[in-house]
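Undergrad: predicted model and sequence below, questions to follow.
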Amino acid sequence: MQKRTRPHLPLVFLASLALLLGCTHGKPSLLTVQLCLNDDQGVSEFMSMMRSIAVAENLKFVDGGAETQRDLNTIGAKMDKLDTPGAVINIGFDRGNRNLMMGGNLGLPTYQVALGFSGDPNPSEAQHFADIVVKRLGARWQVETVPAGTGALPMKTCPGKI
């Protein structure tokens, strides 16, 4: 059986992550936030909450964590968290062909997540959506806004491997 390869996936993910974390000169995110999920239970609750938000807002929830982890292992990426199954978070919300939000924990402690919200094509709708998500997350975790023009940095108090 021939193995199906997708050599473009790691590059797509890394480019997407760069956009999320503010490492490019492209259009900036409407809003970037970060939060610490604290432990495996927090990760489970976070993923359930994200799925719930997708259903409530009639969005497609994209969970690419396992595939991203597999692709990074395939290309030989050196990250401690790659040794732990399920440790990579790479999620997003899509509506049609538009990405409304994407998030992940690459370059951050295992239990820290950064989320970037797109302002396209309607900034007021995008802000309303971001407010809904941040409010839901804020009811459970402390959500910090990442200053515009910067990227998320590891939170000193958030546990987990980078």
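TA: All right, it came through fine. These numbers were taken from a predicted model, which means no experiment stands behind them.
Undergrad: just give me the residue closest to the centre of the chain.
TA: Nearest to the geometric centre of the chain sits residue 103, at 1.2 Å (Cα atoms, centre = their mean).
Undergrad: just give the nearest non-adjacent residue to that one, would you?
TA: In space, and not counting its chain neighbours, residue 103 is closest to residue 115: 3.7 Å by Cβ to Cβ, 6 or more residues apart in numbering. Heads up, the C-betas are built off the backbone N, CA and C, glycines and all.
Undergrad: for the one you found, which residues are in contact?
TA: Taking Cβ atoms under 8 Å, 6 or more residues apart in numbering, we find residue 115 in contact with 20, 32, 33, 34, 35, 101, 102, 103, 133.
Undergrad: where does the third one sit: helix, strand or coil?
TA: Using DSSP: H, G, I helix; E, B strand; the rest coil, the structure places residue 33 in strand.
Undergrad: just use 27 as the starting number from now, easier for me
TA: In the new numbering, first residue 27, that becomes residue 59.
Undergrad: pretty sure it sits against residue 127.
TA: No. Checked against Cβ atoms under 8 Å, the pair residue 59 and residue 127 is beyond contact range at 9.8 Å.
Undergrad: low-confidence regions, this protein specifically.
TA: 27-53 (pLDDT under 70).
Undergrad: and the helices in it?
TA: With DSSP state H, the ranges of helices along the chain come out as 34-46, 66-82, 91-100, 149-164.
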